[in-house]
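S.K.: kindly generate the corresponding structure for this input.
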Amino acid sequence: MQTLDNGPAPQRPEALTSVAVLGGGLAGMAAAWRLVDAGYRVTLVERRPYLGGRAYSFVDRETGQEIDNGQHVFLGCCDAYRRFLDEIGSLVFHSHGLDCPSSPPFDGGYPGSANVLQVFRQARAAGSTDTDVTSAPDAEVPPSFGRTALRDGDVLYCSGAGGSGWGDPLERPANAVTADVASGLLSVEAAQQLYGVTLGSDGSVDDAATDERRAGMRWQRLEAAEADPQVAQAIGALPPACGRCDESLARGVKVVEVDWADLGAPYAPFTGTGFRLLAGVCRACGGFVASRNYLPPELAVPQPR
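M.R.: Below you'll find the model as predicted:
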C-alpha cells in the first residue's frame, strides 16, 4: 500500500478530502495522480508487491525468459498514456533486453542482441543537432525497470535489438550475409564473428577464407568444454537428425555454453548478468542444432501469484 500526498488536504466543508483507489495498474495510478493534483489525500491500494498491473513482466524460472503480462510498447496514438507520462514529468522505463536477451534463439541460432537505452542530459540545450549522440562521454543508462525524469533539452536515445536467429549462423548463405553488409544491417566484423563470412576489399565474399573460417569455428565447438549436466538438460527437445550432416541425434548432443564476449559488442551487456546461452552441438560435424537462453534458478525472480 502506497500513500500519495501533495501536502495538507484543503478544507472542504461537507466534501471528501481523502480517497482510496483500489488497484495499482495504469488506470489506478493515473486516477490517484489526478486526485492528488486536485488536492485530495490519496491512498493507493494494490494487493501485489508491485505496481503496473498488466504492464508488469517477470522472468520465468525454468526458461530464463522475460514474460510480458501485456502490451510492452506504446505508440503515438496512445494519447491518454502519453498525457499521463507528461503529467508526472517522467518516463517510466519497462525495457527488457538491456541486460538480458530480449528474445529466445531457435534451432541453433543466437538470441536477439541487447537493446540500447541512453539519456544525454541537456544535449539539445547545448545546441547539438547530431542525432548520433552515442559517442558522447556523458551517457546515462537508466535502470531496466524504474522511473527516470526527462527535462527540456535532454535526449533519449533508443536502439532496438534485432529478432532471434533461426538455425546455425554458419549455415546462412554467404551471399545473404554479404547483402546485409552492403545494406548497412551488418558490419564486416559481425559478418566474420557471427557468421564466419570473410569479405574481400571489394565487399565480395572470399570463398576460400570463409570456408576455412567456418571449418575452424565448427572445430572449436567440438573442442569446447561440455556444460554441467544439470545445466545441459535445459537445452530441451532436439530434432531427430542434424540438418547439416543428417547424423542421428537419438543419443543426444554435446551441450556447450557460448561466451557472450565471442559474439561481439552487441551482446556485451549480457556478460556478467547470469544469463547464459546454451547450444547443442552435433558431435559428428560441429553444427549447432539447438540453442536456449538459460538463467540459473537461484537468480530467477519469483513469478507473481
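S.K.: Pro269 and Leu44, how far apart?
M.R.: 34 Å (CB to CB, to the nearest Å). To be clear about C-beta, it is placed using only N, CA and C from the backbone, and glycine gets the same treatment.
S.K.: helices of this structure, residue ranges please.
M.R.: 26-37, 79-88, 174-182, 188-195, 207-223, 229-232 (DSSP state H).
S.K.: nearest to Asp60, out of these?
M.R.: For Asp60, the closest of these is helix 229-232, at 16.2 Å, according to CB to CB.
S.K.: could you export the closest one as PDB, CA atoms only?
M.R.: Below are the C-alpha coordinates for helix 229-232, written out as PDB (Å, rounded to 0.1, in the frame of the first residue of the first chain):
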ATOM      1  CA  PRO A 229      25.000 -32.000 -16.900                       C
ATOM      2  CA  GLN A 230      22.300 -30.200 -14.800                       C
ATOM      3  CA  VAL A 231      22.600 -27.100 -17.000                       C
ATOM      4  CA  ALA A 232      22.800 -29.200 -20.200                       C
END
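S.K.: list the residues that contact Arg34.
M.R.: Glu87 (CB atoms under 8 Å, 6 or more residues apart in numbering).
S.K.: distance of it from Tyr50?
M.R.: For Arg34 relative to Tyr50 (CB to CB), the value is 21 Å.
S.K.: what about Leu249, how many residues nearby?
M.R.: Counted by other CB atoms under 10 Å, the residues lying close to Leu249 total 17.
S.K.: kindly report the same for Leu277.
M.R.: 21.
S.K.: ok so, going back, please produce JSON lines containing the helices of the chain, extended by mean pLDDT and distance to Phe288.
M.R.: Conversion of the helices of the chain to JSON lines gives the following (pLDDT from 0 to 100; distance: least, CB to CB, whole Å):
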{"stretch": "helix 26-37", "mean pLDDT": "88", "distance to Phe288": "41"}
{"stretch": "helix 79-88", "mean pLDDT": "78", "distance to Phe288": "41"}
{"stretch": "helix 174-182", "mean pLDDT": "96", "distance to Phe288": "16"}
{"stretch": "helix 188-195", "mean pLDDT": "94", "distance to Phe288": "12"}
{"stretch": "helix 207-223", "mean pLDDT": "97", "distance to Phe288": "7"}
{"stretch": "helix 229-232", "mean pLDDT": "92", "distance to Phe288": "14"}
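S.K.: out of those, flag the one nearest Val253.
M.R.: helix 229-232 (9.0 Å).
S.K.: could you list the low-confidence segments of this protein?
M.R.: Along the chain, the parts satisfying pLDDT under 70 run over 1-15, 57-58, 63-74, 89-96, 123-137, 143-147, 300-305.
S.K.: can you show me the strands along it?
M.R.: For the chain, strands defined by DSSP state E occupy the ranges 2-4, 18-22, 41-45, 57-59, 66-68, 90-94, 116-120, 145-149, 155-159, 254-258, 276-281, 288-294.
S.K.: dump those strands into CSV; add distance to Trp219 as well.
M.R.: As requested, those are exported to CSV (distance: least, CB to CB, whole Å):
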stretch, distance to Trp219
strand 2-4, 58
strand 18-22, 62
strand 41-45, 59
strand 57-59, 35
strand 66-68, 34
strand 90-94, 43
strand 116-120, 33
strand 145-149, 42
strand 155-159, 34
strand 254-258, 13
strand 276-281, 11
strand 288-294, 14
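S.K.: for those strands, which one sits closest to Pro169?
M.R.: strand 288-294 (7.6 Å).
S.K.: other SSEs contacting the closest one?
M.R.: Strand 288-294 sits against strand 276-281, with contacts defined as 3 or more CB pairs under 8 Å, 6 or more residues apart in numbering; DSSP states H and E.
S.K.: return the strand it packs on as CSV; C-alpha atoms alone will do.
M.R.: What follows is strand 276-281, C-alpha atoms only, in CSV (Å, rounded to 0.1, in the frame of the first residue of the first chain):
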residue,chain,number,x,y,z
ARG,A,276,23.8,-17.9,-20.4
LEU,A,277,23.5,-19.1,-23.9
LEU,A,278,23.4,-22.9,-24.4
ALA,A,279,24.0,-24.5,-27.7
GLY,A,280,23.6,-28.2,-28.7
VAL,A,281,26.5,-29.3,-31.0
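S.K.: now that strand against helix 207-223, angle please.
M.R.: 100 degrees (axes from the mean of the first three to the mean of the last three CA atoms, to 10 degrees).
S.K.: residues in contact with strand 276-281?
M.R.: Contacts of strand 276-281 (CB under 8 Å, 6+ apart): 64, 101, 105, 108, 110-111, 221-222, 224, 227, 231-232, 234-235, 238, 253-258, 260, 287-296.
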